[in-house]
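Asker: Next come a sequence and a model predicted from it.
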Amino acid sequence: MSDTAGRQPGLSVLDRPNSYIGRAVPRPNIARLTQGRGRYASDISLPRMVHVAFVRSPYAHARIVRIDKTAASGLPGVVAIVTGAELAAVMTPWVGVLSHLKGLKSAPQHAIAVERACWQGEAVAAVVARSRAEAEDAAELVAVDYEELEPVVSVEAALAPGARAIHPELGDNIAFERVLDAGEVDRAFAEADSVVETTFAFGRHTGVTLEPRAIVADWNPGEARLTVYQGTQAPHMMQNIIARHLALEESQVRVICGDVGGSFGIKVHVYADEMATVALAKLLKRPVKYVPDRVESFVSDIHARDHCVKARAAVKRDGTITAFEIDDETGIGPYSMYPRTSGIEANQVVNLVGGPYRTPNYRARARVVFQNKNVMCQYRGVGHPVACSVTEGLVDMAARAIGMDPFEIRRRNVIPDDAHPSVSAAGLKFEALSHQAALAKLHAMMDYDARRREQAALREKGVYRGIGLATFIEVTNPSAAFYGVGGARISSQDGAALRLDATGALVCQISVTEQGQGTEAVIAQVVATAFGVPIERVRVITGDTDVTPYGGGTWASRGAGIGGEAALQAGKALRENVLKVAGTILQAQPAALDIRDGLVVDRDTGRERIGLEEIARIAYFRPDTLPSDFQPELMVVRHYVPRKYPFAFTNGVNACWLEVDVETGFVKLLKYWIVEDCGTIINPQLVDEQIRGGVVQGLGPALMEHCIYDERGQLLNGNMADYLVPMAAEMPDIEVGHVVSPTLESELGAKGAGEAGTAGAAAAVANAVNDALSPFGVAISAIPITPEIVLRALGRL
Amino acid sequence: MTKPIAISLAVNGEPVEALVRPRQHLADFLRDTLGLTGTHIGCEHGVCGACSVRLDGDVVRGCLVLAVQADGAQVETIEGASDSGELASLQHAFAARNALQCGYCTPGMLLNAAELLARNPSPSRDDIRQHLSGNYCRCTGYQAIVDAVEAAARAGAGGAP
Ligand code: FES
Ligand code: FES
């Protein structure tokens, strides 16, 4: 289902003969995965490899008084036991700040805690042994004397007047604060016909990638080179950081990323235990492997969200929303993560609240707070689910306050499709959005009026169903504005190297990475189209800093939009080069030739002239038959980075249809619809599956996913049995529709789609639950919406 | 620590003799000792289903069975079930429908889906969702998996696509 708006009619490179753009081509590399023959970092085993296990602090906050290795070092198989202080001799600490987040502060973080542990689960010693089981046995025998310190657990406690600073040298527990005041907020509230107000709470949750984080580090003292096999989203970023903190040159570090068993933003950060693993490899001069077990994952993978947002909106009787105001507090654990920082999410919340709407009056404050819990950082959707739940929750409240249909109030307030380019109250620049088209499409897809009738009829019978809507905008294709300007060595540009091999097939080495989203398929489709070969003739290589051009990798929904454009330009450039060779061989004008379906043809007639294999044969093996002043160039490199807009915003709208059992408090998801606009769709099946997977990753935290801490900072449900994630039987079918407004900044026109589904799912669920419960006059504004929360709201518990 | 114990079993039809520590689970044995890394490990406490393998024909969780318990048994992993061709129809349907992203859950999903189709050649979508509820997937949201199993069932699950 897709409507096209924006792109001018006429042939572009996307419309070339045999174009693969817009086709649901199966992923070329997929059989490897269906046969269990992928190669994940956790599968890697090297000669002389040893395994590391970590001794982790049982306290949320404690001074490390003494570490006694005696009993542990006597166990069979133990190779080394290393403390934080010992490891600090080979690895320098880091501080997770970015200069464009003004005032953001953090304390130096070590690979292994030195002197003090700041969250339950922080590593305090490493045990290296022949097998993981032996390392774990020995870790249990490492005797650590702790002096427990008073933990600062809740955000309120961290912000309370006179609260003890977790890092005394920083003065207080506020890592970052941002305020924004646009338009005339006070006046808008004073003149409102109705003001709606509530506090939205977002539980901490985490990514639960099915394959845990995994790393194998191999230091070869003979070569003075470190090879790191890692499940990561950003190989070049890791290369830089590993080199920097081990005092090596970047050229001494190679990062290889094969298959990755799920990332979602979890695997884009620098983890202390992984840094410790590379340092240990250097120290021990042999390969060291680390794969956290699932219980460790829960206390060491970044957590996400943990926001509490006081919010209000002003509305006129005619439905015009005239102001938004928010005050966001978020707890990030004891350190700002490195190098992306834990300030970005709150910053995004400030940027994004009210984003789909015309309202020029907007005031926001966000405070990012240290606490003694696991580190918190960017996870799929970064800030979007929070901003979207707040905005869309307020919009529904406003609609209820003035007695207007939730669809209608959105229709009246979204930025019109013909108003772009435009700038939001928070200063975001929109090149082209399609809220009106998306709302209209969703309305039809879900048969909104019929659902409302069904809802009313069932209510008579005591069945409580609800419809929840959620409009969103999403940041994709980030330019250097995201990290580069803040001083982080995180590339916003990506490169594609493309060559014609000796059989006439193509090899594309590209710096964006494959995490299962289908990067390799999309790049192959773009290259095959731009150059003119059947897709089977394109092999794509990703994830190796020794092999690919330099680039950012995969995060912030950038792979297709940025990597895809680099591949497109490489394909076009190589076609030109090959046609020069063909022209020389055929004594024809290159401009009169084209490459189609793997053959050089006459551009006008399509008549076959020469095969690619023959061109490659002559260029590689018989260059003596070419003119002596002509050098074929059968490999090209092209890079791309967006420059005109800091981000390519996408947009969309969600609708959730669910039933609340008012006796048990259970919420049953019945059906879900989403319309989104990611610009040019390279592979509709891959886009739809990104959207669906993203939606379910938003539904989990909406209904069940929650890292529950007690008042001492102990995680109470840190295992897969107690931390609930969506299962097949609980999830609804999700219908996906598209509006297509390509970005004109690139020739490809693609924007990102990887996080769109996650942005609005929680908002749609919460709005639907509140719609279902509206006969009871109760409203819920905290997620996850567990049966207990529902029953408490209903006064039945 | 307790001494290694000798076991002999058949893995994907090949006889295997090995000395294993009594506490080693079957998934670790398959992965670390035999290099059959298609059996994945997601939780090691019996929840996620990534470690599913067949033990004497039944799908079990490799992290909940000790290697010593497989003494004398027939074990089949995703590699063996792929090579025998019996999963071809399901694998084809998974690829065509993009019913996997990272692929980490896929071996377990396929073995469990095959078990379902062996018992019930034309399951409803609800049946499929119920049967696969012990297999977590963090990437797909499950719908594509349900679609693929449905398509394989329609095509007749056994044999070639
Ligand atoms: S690894 Fe065995 S069930 Fe998760
Ligand atoms: S495809 Fe990644 S967990 Fe299922």
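Answerer: Perfect, thanks for sending it. Numbering: from 1, shown residues only, chains lettered A, B, ... in the order given. Ligands and ions are numbered 1, 2, ... in the order given.
Asker: for the helix or strand containing residue A:312, packing partners?
Answerer: Using DSSP states H and E, residue A:312 maps to strand A:303-315. Under the contact definition 3 or more CB pairs under 8 Å, 6 or more residues apart in numbering or on different chains; DSSP states H and E, strand A:303-315 sits against helix A:185-190, strand A:194-206, strand A:321-331, helix A:344-352, helix A:384-402. All C-beta spots, glycine's among them, are computed from the backbone N, C-alpha and C.
Asker: any low-confidence regions in chain A?
Answerer: A:1-11 (pLDDT under 70).
Asker: For it, give the residue positioned nearest to ligand 1.
Answerer: residue A:720 (7.0 Å; CB to the nearest ligand atom).
Asker: Against residue A:580, how distant is that residue?
Answerer: Per CB to CB, to the nearest Å, residue A:720 is found 58 Å from residue A:580.
Asker: more neighbours, the two?
Answerer: residue A:720 (22 against 16; other CB atoms under 10 Å in any protein chain shown).
Asker: The nearest residue in space to residue A:428 that is not next to it in sequence: what's it in contact with?
Answerer: Excluding the flanking residues, the one nearest residue A:428 by CB to CB, 6 or more residues apart in numbering or on different chains is residue A:351, at 6.0 Å. Contacts for residue A:351 (CB atoms under 8 Å, 6 or more residues apart in numbering or on different chains) come out as A:383, A:387, A:426, A:427, A:428, A:475.
Asker: now do residue A:747
Answerer: A:12, A:13, A:14, A:565, A:568, A:569.
Asker: Enumerate the residues of chain B near ligand 1.
Answerer: By CB under 6 Å from any ligand atom, the residues of chain B that approach ligand 1 are B:41, B:42, B:43, B:44, B:46, B:47, B:48, B:49, B:50, B:51, B:61, B:63.
Asker: still on that earlier bit, for ligand 2, find the nearest of the helices and strands packed on strand A:303-315.
Answerer: Of those, nearest to ligand 2 by CB to the nearest ligand atom is strand A:194-206, at 14.9 Å.
Asker: Export the next helix-or-strand element following that closest one to PDB, keeping only CA atoms.
Answerer: Counting by DSSP H and E, the next helix or strand C-terminal to strand A:194-206 is strand A:215-220. What follows is strand A:215-220, C-alpha atoms only, in PDB (Å, rounded to 0.1, in the frame of the first residue of the first chain):
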ATOM      1  CA  ILE A 215      33.500 -10.000  21.800                       C
ATOM      2  CA  VAL A 216      36.700 -11.900  21.100                       C
ATOM      3  CA  ALA A 217      39.900  -9.800  21.200                       C
ATOM      4  CA  ASP A 218      43.200 -11.200  19.800                       C
ATOM      5  CA  TRP A 219      46.400  -9.300  20.400                       C
ATOM      6  CA  ASN A 220      49.300 -10.500  18.200                       C
END
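Asker: How about residues contacting strand A:215-220?
Answerer: A:41, A:44, A:46, A:49, A:225-231, A:274, A:277-278, A:280-282, A:284-291.
Asker: Could you list which of the residues you listed belong to helices?
Answerer: A:274, A:277, A:278, A:280, A:281, A:282, A:284 (DSSP state H).
Asker: By neighbours, which of those wins?
Answerer: In terms of neighbour count, residue A:278 stands highest of the ones in helices among the contacts of strand A:215-220 at 31 neighbours, by other CB under 10 Å.
Asker: quick one: that one and residue A:248 touch, right?
Answerer: No. With contact defined as CB atoms under 8 Å, residue A:278 does not count as touching residue A:248 (9.8 Å).
Asker: tell me, what's touching these two both at once?
Answerer: With CB under 8 Å, 6+ apart, residue A:278 and residue A:248 have common neighbours A:226, A:242.
Asker: Domain-wise, how is chain A divided?
Answerer: For chain A, automatic domain parsing gives the domain ranges A:12-35+A:493-640, A:41-149+A:212-260+A:267-300, A:375-479+A:645-793.
Asker: check contacts around residue B:93.
Answerer: B:99, B:148, B:149, B:151, B:152, B:155, B:161.
Asker: So is the helix or strand containing residue A:688 next to ligand 2?
Answerer: Element membership for residue A:688, per DSSP H and E: helix A:684-703. No. Judged by CB under 6 Å from any ligand atom, helix A:684-703 stays clear of ligand 2, getting no closer than 8.2 Å.
Asker: Tell me which helix or strand comes right after that helix.
Answerer: Using DSSP H and E, the helix or strand that follows helix A:684-703 in sequence is strand A:734-740.
Asker: For the helix or strand following that next one, name the packing helices and strands.
Answerer: Downstream of strand A:734-740, the first helix or strand assigned by DSSP H and E is helix A:756-772. When contacts are defined as 3+ CB pairs under 8 Å, 6+ apart, helix A:756-772 packs onto helix A:384-402, strand A:464-476, strand A:648-660, strand A:667-677, helix A:684-703, strand A:782-783.
Asker: Packing partners of the longest one?
Answerer: Yep, that's helix A:684-703 we're talking about. So helix A:684-703, by 3+ CB pairs under 8 Å, 6+ apart, packs with strand A:194-206, strand A:667-677, strand A:734-740, helix A:756-772, strand A:782-783, helix B:143-155.
Asker: Out of those, indicate the one that is most buried.
Answerer: Highest mean neighbour count of the helices and strands packed on helix A:684-703: helix A:756-772, a mean of 30 (counted as mean count of other CB atoms under 10 Å in any protein chain shown).
Asker: Distance of the closest residue in space to residue B:37 that isn't next to it in sequence relative to residue B:82?
Answerer: Sequence neighbours aside, residue A:43 is the residue nearest to residue B:37 in space, at 3.9 Å (criterion: CB to CB, 6+ apart). Residue A:43 sits 16 Å away from residue B:82, going by CB to CB.
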